[in-house]
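Engineer: Below: sequence and its predicted model.
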Amino acid sequence: MNDYSNSLQAKREQLLEAGVLMMDPAAVYVEEGVAVGAGTLLLPGTILRGKTVIGENCCIGPQVMLTDCVVADGCTINASQCEESTIERDCQIGPYTHIRPRCVVGEGSKIGAFVQLKNCNLGRGTKMAHLTYVGDSDVGDECNFGCGTITCNYDGFKKHRTTIGSHVFVGCNTNFVPPVTVGDGAFIAAATTVTQDIPADALAVGRARQEVKEGWAAENRRLKGKK
């Protein structure tokens, strides 16, 4: 084996001796500067790089790459990538989550499939189950984000921050156009585009009123020569 392979093998043996669990040690890649707590399970396809620190009793993998991250005790990270960020205790991350640099994910949060975070701070117990992008944002505790939520943080010239309080419900397909601030306990209706601040405990609805034009589709097909 070459020097790199020898280093990987030595690191794996060191972690195993310290109480780290591996289903298939040969399928785990851990760089020298990484620290992993006892009782943590590293599943196949796990790649730990840089100065990553993982606490005790976590489950990492399969197919996870962490670079210069801090992961507290009791976290689960599945099929995801995280860089230069902090994940506090008892979080569930993935599958298919991308956490970009300068993020803090608060204790007990759940970040799910096809969610991307960038340069944001999330409070305790916040949930983003799927299909969401949150960038350049500060989010409070116990918020719930519906799928399709996006922070429109770049206007073509500058980045702008979105600030969301605690206990906020964000309906599906909400767009935040910052700089905007949402107060604690606010409720945002699905398909709303938020362009103004929302007070605490308010309902925000920002979408076009539905119109129904009876017979329009049939006439459109007739004009186009379609049945």
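Structural biologist: Here it is on my side, so go on. Numbers count the residues shown, from 1 in each chain.
Engineer: In which helix or strand does residue 5 reside?
Structural biologist: Per DSSP states H and E, residue 5 falls inside helix 3-17.
Engineer: which residues of this structure score low on pLDDT?
Structural biologist: Filtered on pLDDT under 70, the chain yields the residue ranges 1, 227.
Engineer: ok, 80 please
Structural biologist: Filtered on pLDDT under 80, the chain yields the residue ranges 1-5, 226-227.
Engineer: What lies in contact with the helix holding residue 5?
Structural biologist: Here helix 3-17 makes contact (CB atoms under 8 Å, 6 or more residues apart in numbering) with 1, 22, 25, 28-32, 34, 36, 42. (C-beta placed from N, C-alpha, C; glycine too.)
Engineer: Please report the number of neighbouring residues for residue 75.
Structural biologist: By the measure other CB atoms under 10 Å, the count of residues near residue 75 is 24.
Engineer: Show the contacting residues for it.
Structural biologist: Residue 75 sits next to 54-55, 58-60, 87, 89-93 when contact means CB under 8 Å, 6+ apart.
Engineer: gap between it and residue 125?
Structural biologist: Residue 75 sits 14 Å away from residue 125, going by CB to CB, to the nearest Å.
Engineer: circling back to that earlier point, what's the following helix or strand after the helix holding residue 5?
Structural biologist: Going down the chain from helix 3-17, the next helix or strand is strand 21-22, by DSSP H and E.
Engineer: Sheet partners, orientation included, of the very next helix or strand once past that following strand?
Structural biologist: With elements assigned by DSSP H and E, the helix or strand that comes after strand 21-22 is strand 29-30. Strand 29-30 pairs in its sheet with strand 46-49 (parallel), by DSSP bridges.
Engineer: what's the span of stretch 196-209, first residue to last?
Structural biologist: Start-to-end span of stretch 196-209 (CA to CA, to the nearest Å) is 19 Å.
Engineer: buried sites along it?
Structural biologist: Across stretch 196-209, burial judged by 16 or more other CB atoms under 10 Å covers 198, 204, 206.
Engineer: Buried ones from the contacts of helix 3-17, can you make that a ChimeraX selection?
Structural biologist: This is how ChimeraX selects the buried members of those, with burial counted by 16+ other CB under 10 Å:
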select :22,25,28,29,30,31,34,36,42
